[in-house]
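1. need a 3D model of the following:
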Amino acid sequence: QEAPRKSPSGGKGKESVPPKGKGQPKRFICFMGAVPKSANKEDISKFFKFAGENLVSVRILTEKGTNKPRGCAFVEFKDSSSLAK
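-> Coordinates of the predicted model:
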């Protein structure tokens, strides 16, 4: 098993890297910019309703301390097959 490697940003945090070829399912994560600060997870999920069961999660990025939305989000799908429509 590979050891965790340092973050590309050079910070003290570490990111774990899964071993290659171990049957890990591929994930497809889409970055969304210019998200209205009034949008919530349900709003973003509705926007991607065409993905159906393929939608795994929605993460809205927030500012530290204030916990206010930053206007961007990550949307995770099982795979990219439903996004080609």
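2. could you list the low-pLDDT ranges of the chain?
-> Filtered on pLDDT under 70, the chain yields the residue ranges 1-25, 85.
3. what segments of it are strands?
-> In the chain, the strands defined using DSSP state E lie at 5-6, 14-15, 28-32, 55-62, 69-77.
4. redo the ones you listed as CSV? Include distance to S38 and mean neighbour count.
-> For every residue, glycine as well, the C-beta is placed using N, CA and C. Converted to CSV, the strands of the chain look like this (distance: least, Cβ to Cβ, whole Å; neighbours: other Cβ atoms under 10 Å):
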stretch, distance to S38, mean neighbour count
strand 5-6, 37, 10
strand 14-15, 31, 11
strand 28-32, 14, 13
strand 55-62, 11, 15
strand 69-77, 8, 16
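5. adding distance to E42, write the ones you listed out as a markdown table.
-> Listed next are the strands of the chain as a markdown table, based on distance: least, Cβ to Cβ, whole Å:
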| stretch | distance to E42 |
| --- | --- |
| strand 5-6 | 36 |
| strand 14-15 | 29 |
| strand 28-32 | 15 |
| strand 55-62 | 9 |
| strand 69-77 | 12 |
